[in-house]
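K.L.:
here is my input, please return the structure:
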Amino acid sequence: MYTPKTVLNNQIEKENKFVSPMRNFFDDPKEYTNFNNEFIKSDYDFVRYQNREKIGKTTDKPLKDILKHIKKLDYVLVLGIALTLGGMTYSATNYYLSPKKVTNQRTRQIDIALITTLVVLLSLVMGTGSFVMAYREKDINEVEKIYNRLTIRLFDAFKEIDSSLDKDLFEKCNPDMAQVITALLIANMKDADVKELTKLANKISKQIEESPDFTLKEYTAEMKQALNIITNALIKNPDLCAAISSTFKGNMPMTINLSKQKIQKQK
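P.N.:
Below you'll find the model as predicted:
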């Protein structure tokens, strides 16, 4: 039985398969191999790291809000690990601080209790911290996926202006091409545009994940709103527009950060 949520999920799965196809190393089309060879030599990884920091500044929630999203089972797991480590620490310190080595038994008991308590507390903090970091990373990853799926709509917008663009080439060169377009956008749009777009992308991803009533029509409308932010930014930045158009044609940019590319050309 098809529900509005099923229709939406099918559309998202279709878009994800387009921008992040499963690839057989021995059966890659030559277009992908050529683009991938240039992709590997680019500064993509470094720029993406910087881009993820930009996204993180917008998606990061207060700690108290993140803790509310951690499941009770996760807290039980952290507590269980902390108590297990505490028990092991107690046994170890009890052995090494044996009555034969420590004559003052009260000092010995205080030391054992203190060390065990510190280990338990440290384990609780580190365990909870790992879940907080994982939650924040998940938010960033989901926003990146929205950006990647937006590249499909951006291609269609470019295709209306330049009929020579080949969607088969775009498909063959993914996931690298979609990732490069995403990196170009985040690295070169104005911070205000990146912030606005990231907020909307985060909102869309949360609605997909958490709202059972979020429909394909609503998703399409909000993705269109996100695309408008991009197209308006590209009108103000002809260099970025040209770099994206060239990338859609299979040309890897000299560097993802166009301001650095300008400096290189001036030299």
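
K.L.:
hey, let's count contacts and neighbours off CA atoms from now on
P.N.:
Fine.

K.L.:
number of nearby residues for the closest residue to Q207 other than its chain neighbours?
P.N.:
Excluding its sequence neighbours, the residue lying closest to Q207 (C-alpha to C-alpha, 6 or more residues apart in numbering) is F214, at 6.3 Å. For F214, the neighbour count with other C-alpha atoms under 10 Å is 17.

K.L.:
who's in contact with F214?
P.N.:
Residues in contact with F214, defined by C-alpha atoms under 8 Å, 6 or more residues apart in numbering, are P4, K5, Q207, I208.

K.L.:
pretty sure L184 contacts M254?
P.N.:
No - applying C-alpha atoms under 8 Å as the test, L184 and M254 come out as separate, 11.4 Å apart.

K.L.:
where in the stretch 1-150 of the chain is pLDDT low?
P.N.:
For the stretch 1-150 of the chain, applying pLDDT under 70 flags the ranges 1-2, 63, 66-67, 97-104, 108.

K.L.:
and T89, how far from T116?
P.N.:
For T89, the distance to T116 equals 6 Å [C-alpha to C-alpha, to the nearest Å].

K.L.:
among the two, which residue is more densely surrounded?
P.N.:
When T89 and T116 are compared on other C-alpha under 10 Å, the one with more neighbours turns out to be T116, at 23 against 20.

K.L.:
who has more neighbours, L184 and M254?
P.N.:
L184 (25 against 16).

K.L.:
next up, phi/psi of the more buried one, please.
P.N.:
L184 adopts backbone torsions of phi -60, psi -40, taken as degrees, to the nearest 10.

K.L.:
show me what contacts it?
P.N.:
Here L184 is in contact with L240, I244, I256, N257 (criterion: C-alpha under 8 Å, 6+ apart).

K.L.:
kindly export stretch 242-253 (C-alpha atoms) in CSV.
P.N.:
What follows is stretch 242-253, C-alpha atoms only, in CSV (Å, rounded to 0.1, in the frame of the first residue of the first chain):
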residue,chain,number,x,y,z
ALA,A,242,31.0,29.3,-14.7
ALA,A,243,32.9,26.8,-12.6
ILE,A,244,29.7,24.8,-11.9
SER,A,245,28.7,24.8,-15.6
SER,A,246,32.2,23.6,-16.5
THR,A,247,32.1,20.9,-13.9
PHE,A,248,28.7,19.7,-15.3
LYS,A,249,30.6,19.2,-18.6
GLY,A,250,33.1,16.9,-17.0
ASN,A,251,35.9,19.4,-16.2
MET,A,252,37.4,19.2,-12.7
PRO,A,253,38.1,22.7,-11.4
